Structures are given as structure tokens and as C-alpha cells.
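Asks: Make a model of this:
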Amino acid sequence: MNYFQRCGLILAVVFFSINTWATELNTDEQKLGYIIGMDVGKSLRKQGTVVDLDALIDAISATYNGEELAMTVEEAAVIREEFIQNQKAAVEVKLALTGQKNLAEGQKFLADNKLKDGVHITASGLQYKVLTLGDGAKPAATDTVKVHYRGTLLDGTEFDSSYARNEPISFALNRVIAGWTEGVQLMPIGSKFTFYIAPGLAYGDDGGGTIPPNSTLIFEVELLEINKQD
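Replies: Numbers count the residues shown, from 1 in each chain. Model prediction:
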């Protein structure tokens, strides 16, 4: 939910609750209003939104009753845009710091990991370990493969798993992250590998979905099928 949607929800809820935030809850209207007020308070607290509730309620009351407002619509638009830009800047700074931290941690992890027994490294920097080596064919980048997999961050956080869904996934091998495209081509059918993928071969500076920026990823992949493409 974006800033404007949140504001719309909060304003609507507070309007209906404005006269019902009372300690006496005798009528259904009072009870409902108090429940809505509880939900609003919980939402604001969870989001970390800092507002002056008195000012919020005054603005709702004045607007609804057609009374003179403390600021013009134009002034409000300027302040709103400044707030949005400040929020965006704060998020960008936080993401940049997170990315720098993740990059440094990933580089250290990969430097240590490549020295461990059983870990191989390709020319691109992709690291992998063979858990089970099958004896079937290997896929080409243009093939469609069916796999079971589990993906985690360095701290062990699982961000995706076909095992958890109990359903393998099929995809064109040249339509996924570079670490997968390269790594799965090393696997004969029936193999199970662990891949250690640097951000440059994964989601890079931007991250993706629940994956933070510059994350080094660990995937456990089991190759089940290959569908050759002409």
C-alpha cells in the first residue's frame, strides 16, 4: 500500500472513529468505532508512521464540515511531495548501506568457501559442490529443465523452495539468473549440486523480491528432467 492509499485509509477510518474514541462503550457504534481505532493505532505503530493525531483529527473535522483549513491545497501538495521524496531518499540510503554490507560479507564468504573440500569454482566465479552426481545427459542453455531447489541467504534465511511447495519447477535455462544458467549446465540428470552464487551472477545491486541488494545466494538444486529444444 503506497503513501496515498495509507493516508486515504487512515483518514477514512479516523473520520468514522472521531466521535467514538471513548471509554464508555455502550452502543454498537461506540464499540465498532473503538475496534476501528485499535486497528488504526496498531497499523500506524507497525508501520512506524509518526503523525500528530490531534492535527489529523482537526484536519478531518475541518474538511468534512467545510471549515477554513490551516493550509491551502497547494501548500499541502508541496509538503506531501517533500515528504514522499524524503521517504524515498531514506529508503535508497538504507538499501545502499545494506548492499554494501551484503557485498562485503559475500566476498568474504566466497573467499573462504572456495578453499573448502569439494568446492569447485568456474571462470565466472561461480562456486559449486557436487552432492550427488547423476549419469544422465547434461542440459544446454536453450533447454527447458525440471528441478527441485532450495534457496537461502548467507544467514540461512530461506527465500524460496520447491521442496516446501512439494512441487518441482520447469523453466527455460536461459531465462534465469546467470548463476543458474551456467551451473545447471554442469549437472547430469539425477545430480544434486549446491551453488554459491555471487550477486553479479544473481540479482546484483537491486536485489529481487525478498532478496536484499548484493546478496550472495546459496542454492541446493536437483536436476530431474531435460526437455531438449531445437
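Asks: hey, what's Asp160 bridged with?
Replies: Beta bridges link Asp160 to Gly151 when assigned by DSSP bridges.
Asks: What is the lengthiest helix in the chain packed up against?
Replies: As assigned by DSSP state H, the longest helix anywhere in the chain is helix 73-113. If you count contacts as 3 or more CB pairs under 8 Å, 6 or more residues apart in numbering; DSSP states H and E, helix 73-113 packs onto helix 3-17, strand 192-197. From N, CA and C alone the C-beta is placed, and that goes for glycine too.
Asks: Give me the angle between the last one and helix 73-113.
Replies: Same thing as strand 192-197. Angle, strand 192-197 to helix 73-113, by axes from the mean of the first three to the mean of the last three CA atoms, to 10 degrees: 120 degrees.
Asks: helix/strand/coil for the residue with the largest distance to the centre of the chain?
Replies: Within the chain, the residue lying farthest from the chain centre (CA atoms, centre = their mean) is Asn26, at 43.7 Å. Secondary structure, DSSP: H, G, I helix; E, B strand; the rest coil: Asn26 is coil.
Asks: per-domain residue ranges of this structure.
Replies: 3-70, 115-227 (automatic domain parsing).
Asks: Could you list the low-confidence segments of the chain?
Replies: The chain contains residues with pLDDT under 70 at 1-23, 230.
Asks: could you redo the last one with a cut-off of 50?
Replies: Scanning the chain for pLDDT under 50 picks out the ranges 4-5, 8, 11-22.
Asks: ok so, going back, name the next helix or strand following the longest helix of the chain along the chain.
Replies: Going down the chain from helix 73-113, the next helix or strand is strand 119-121, by DSSP states H and E.
Asks: Okay, now the sheet partners of the next helix-or-strand element following that following strand, with direction.
Replies: In the C-terminal direction, the helix or strand that comes right after strand 119-121 (DSSP H and E) is strand 127-132. Here strand 127-132 has these sheet partners by DSSP bridges: strand 119-121 (antiparallel), strand 192-197 (antiparallel).
Asks: How far does the first one sit from its chain's centre?
Replies: This means strand 119-121. Centroid displacement of strand 119-121 relative to its chain, using CA atoms, centre = their mean, to the nearest Å, is 29 Å.
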